[in-house]
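Participant: Sequence and predicted model, in that order:
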Amino acid sequence: MSIELLKPQLENPSQHFAWAQNPLTSKLAKWIAFRENDRDFLRGIHPGGWRADRPYKHDPLSNKISNAFADFLYGEDPAVKTKDLDDSQLMANMIEANDLSTEVHQGVRIFSSEGEVWWRLYTDPEQGDYPLVEWHSRTTVYPYWRGRIATAVAFVYEVERDADFVWRYVQYHEKERAVNSIYKASALTGQMIKNGREESPERDVMLLQKLGEEQELTSHPYTRGLEEEWDHGLPMLAGRLVNNVPRSRKIGKSDYDGIEDLLFDLNEAHSVDGENYKLAGKKRAVMPRKYQNQAGDADIAEEIFWVDEGIDEMEQETGPFKILEYNYDADSSIKRKADIERIALTRVGLVSQFTSMDSSDGWAQSGSSRKAALIPTTLAAHGKAREWDELLPKVVALMQQVDNLEEGKGGFGRAWKDPVGVPTIIRSTVMPEDPGDMATRHQTLITAELESIETAVDEMHPDWSPERKVLEVKRIFANRAGFGLDEDGKPIRNDDQPVTDEGGADVPLA
C-alpha cells in the first residue's frame, strides 16, 4: 500500500514543508510571483540586485500569458456529451455544481505558469451533494513515485497558524482509497524545569516547518465530520497534468522559464523609464554653498545641489546658479518595451492580440485571414490542449463513478445509465467566427454529402438541448415540403392552422 510508504516520509522529522527551500520546487516561488504580480518578491530576486529604496515597476505580461492560454483553451464553456445521452441531465447538474469551466480555467493558469497542475476528487457533504474536483499547485502536493508513476499522493493544507502552532490537513490518495489526517506542529519544546521550578517552555520556530504529530480528526473543526478512510474501490482520484515536457519528469516546465530574462528586462525598462521621466520633469539647480543662506525659499528649482569647490567659472558665466536639464526620449523607451514584449510573446507562441488591447494590430477582416494570423497561438495552445483533451474526460468519468457510488461507500447513489463511459469534451473556440462563413461552410458540406443536417445544426447551436435540435431538423424537412411545425412537432400552415389530408387527419412527416 503506497500510502503506508508515503506517510512515514512526510511524518519524518527530517521532512520540512518549506517548499521554497526544496531544490525541486524552489523555482515555483519565482513563477508564482510572476503570475500573481508580486512586485516586492521580484524586486528581491532581480538579477544584479535592486536597492530597496529604488522604485521597482512590474509589467503584468507574465500574468497575461497564463491567462491567454487559459482563455484560449477554456475561455468558453466546453461542450460535454455523455456516453449515454440519458445521462445528459445528471452530467449538466454535476458540472454546474462544480462550476467546471471556471475551475478548469484556473487549472490552466497554474499549468502554464508553474509547469504542471495536480487535481483531486473528493466528497464533502458540508460543501455540496456532488463529487468535487479541485486543481492544486505543486506547492501543496507531495507524491510518492514508483519510476515515472505517482502511486500515491498527499495534498497538504495549512488550515490554522499562530505564533506557536500550525495545523495541517492532509488527504492521502492511492488506488481504491483515500485517507484523511490532521496534524499539529508546535514550536514549544516542552515545559522547562529550572532551579526546581517550572518556567516558560522554550520555542523553536523551525519546528513549525515540520508536519508535527497526528491528531484525531475531531480535534479540529476543519476535519470534524470527515471519515478517516474512504474505500471507494476506484482508480486513484488524483493525478497531474504536465506542461511542455514528458510526464516522466518529476516537475513540469513553466512557460516563463524560457523568457525569464525578458520578463526581468521588461520590469527594468519600466522602472528606468519611470526614473528618467521624473528626472526630465523636475527643475534642478547647482549653486555655491556660500549662497545657501541667501537662497531661502526662492523658487529656483525643486532640487538644489550645493557645491563647495570648482564654482568660479559657473559664477562668472551664469551667475550664482546653473539650471540642470535632462532630456527624456519617450519614443525610444516605448520601442524598447514593445520589442521586449514582442520577443517574449513570440517565444511562448502567443500573438499580441491575446495580451494587447489594440484591436487594430494585425487583425484581418475575414474570418479565414484572422485565423491564419493566429496560427502560432493556435499551434502552441493545441500543444498544451493535448494533455487536457486526453486527461480531462477521464477525470470527469471518475466524477460520474463517484456520483454513482452507493452512499455507504462515499458516493451519492445517483443512477447513471453508463457511469464508466468516458464523456466527450469539446473545447469551444474563443475566436469569433463570421456567421456567413459558418453558414457557407455547412451549406457546402451538406450539398457535397460530406455532412448531415443533424451535424450542422449541432455545431451551429451547441447550447441547444437535444430535443430542440431534433425539432429543428424536422422543421427544416417540413419547410422543404411546404409547411411548418409547431412546438409539439405537428404540421402547420402559414395561417397557423393544422395541415390535414382530405379525410381531416394530420399530414405525417416523410
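Facilitator: That came through, no problem.
Participant: how about the closest residue to residue 487 other than its chain neighbours, what does it touch?
Facilitator: Once flanking residues are discounted, residue 487 sits nearest to residue 471: 7.9 Å by CB to CB, 6 or more residues apart in numbering. (C-beta placed from N, C-alpha, C; glycine too.) The contact partners of residue 471, by CB atoms under 8 Å, 6 or more residues apart in numbering, come to 485, 487, 489.
Participant: Closest one of the residues you listed to residue 234?
Facilitator: Distance to residue 234 across the contacts of residue 471 (CB to CB) is lowest for residue 489, with 41.7 Å.
Participant: quick one: the strands in the stretch 401-510 of the chain?
Facilitator: With strands called from DSSP state E, counting those that start in this stretch, the stretch 401-510 of the chain shows them at 424-426, 484-485, 491-492.
Participant: same question, the stretch 201-350 of the chain
Facilitator: 213-215, 229-230, 238-242, 284-288, 303-307, 322-324.
Participant: Wait, residue 484 touches residue 492, no?
Facilitator: Yes: Residue 484 is within contact range of residue 492, at 5.1 Å (criterion: CB atoms under 8 Å).
Participant: just the angle between the longest strand that the chain contains and strand 238-242, please?
Facilitator: Longest strand in the chain, counting residues (DSSP state E): strand 149-161. Taking axes from the mean of the first three to the mean of the last three CA atoms, to 10 degrees, one finds strand 149-161 and strand 238-242 inclined to each other by 100 degrees.
Participant: Pull up the pairing partners for strand 149-161, direction included.
Facilitator: Paired with strand 149-161 in the same sheet, following DSSP bridges, are strand 141-146 (antiparallel), strand 165-174 (antiparallel).
Participant: Export those strands as CSV, with columns for mean pLDDT, mean neighbour count and distance to residue 454.
Facilitator: As requested, the strands paired with strand 149-161 are arranged in CSV below (pLDDT from 0 to 100; neighbours: other CB atoms under 10 Å; distance: least, CB to CB, whole Å):
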stretch, mean pLDDT, mean neighbour count, distance to residue 454
strand 141-146, 93, 18, 44
strand 165-174, 96, 21, 42
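Participant: one step back: as a markdown table, the strands of the stretch 401-510 of the chain with mean pLDDT, mean neighbour count and distance to residue 188 would be great.
Facilitator: Formatted as a markdown table, the strands of the stretch 401-510 of the chain follow (pLDDT from 0 to 100; neighbours: other CB under 10 Å; distance: least, CB to CB, whole Å):
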| stretch | mean pLDDT | mean neighbour count | distance to residue 188 |
| --- | --- | --- | --- |
| strand 424-426 | 91 | 14 | 51 |
| strand 484-485 | 81 | 17 | 78 |
| strand 491-492 | 78 | 18 | 82 |
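Participant: and those strands as a markdown table, adding distance to residue 338?
Facilitator: A markdown table is the format used below for the strands of the stretch 401-510 of the chain (distance: least, CB to CB, whole Å):
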| stretch | distance to residue 338 |
| --- | --- |
| strand 424-426 | 37 |
| strand 484-485 | 57 |
| strand 491-492 | 61 |
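Participant: and of those strands, who's closest to residue 226?
Facilitator: Of all the strands of the stretch 401-510 of the chain, strand 424-426 comes closest under CB to CB, at 30.4 Å.
Participant: now what about that closest one, what contacts it?
Facilitator: By CB under 8 Å, 6+ apart, strand 424-426 touches 78-81, 389, 392-393, 396.
Participant: where does the stretch 101-250 of the chain have low pLDDT?
Facilitator: Applying pLDDT under 70 to the stretch 101-250 of the chain flags residues 190-201.
Participant: make it 80
Facilitator: 189-203, 244-249 (pLDDT under 80).
Participant: Give me the distance between residue 226 and residue 39.
Facilitator: For residue 226, the distance to residue 39 equals 39 Å [CB to CB, to the nearest Å].
Participant: Who has more neighbours out of the two?
Facilitator: More crowded of residue 226 and residue 39, by other CB atoms under 10 Å: residue 226, with 19 against 14.
Participant: Run a quick check on that one versus residue 217, I expect a contact.
Facilitator: Yes: between residue 226 and residue 217 a contact is recorded at 5.5 Å, counting by CB under 8 Å.
Participant: Spit out the residues that contact those two alike.
Facilitator: residue 180.
Participant: in the chain, which residue is closest to the centre?
Facilitator: Nearest to the geometric centre of the chain sits residue 109, at 2.2 Å (CA atoms, centre = their mean).
Participant: And for residue 183, the neighbour number?
Facilitator: Neighbour tally, residue 183, other CB under 10 Å: 21.
Participant: hmm, I was thinking of residue 58
Facilitator: There are 22 residues near residue 58, going by other CB under 10 Å.
Participant: How much space separates it from residue 344?
Facilitator: With distances taken as CB to CB, residue 58 is found 14 Å from residue 344.
Participant: just residue 107 next, same as before
Facilitator: Residue 107 sits 23 Å away from residue 344, taking CB to CB as the criterion.
Participant: what do you get for residue 254?
Facilitator: 13 Å.
Participant: next one: residue 270
Facilitator: For residue 270, the distance to residue 344 (CB to CB) stands at 13 Å.
Participant: so who does residue 42 touch?
Facilitator: Contact partners of residue 42, counting by CB under 8 Å, 6+ apart, are 30, 33-34, 56, 58, 264, 267.
Participant: The same query, at a cut-off of 6 Å, please.
Facilitator: 33, 58 (CB atoms under 6 Å, 6 or more residues apart in numbering).
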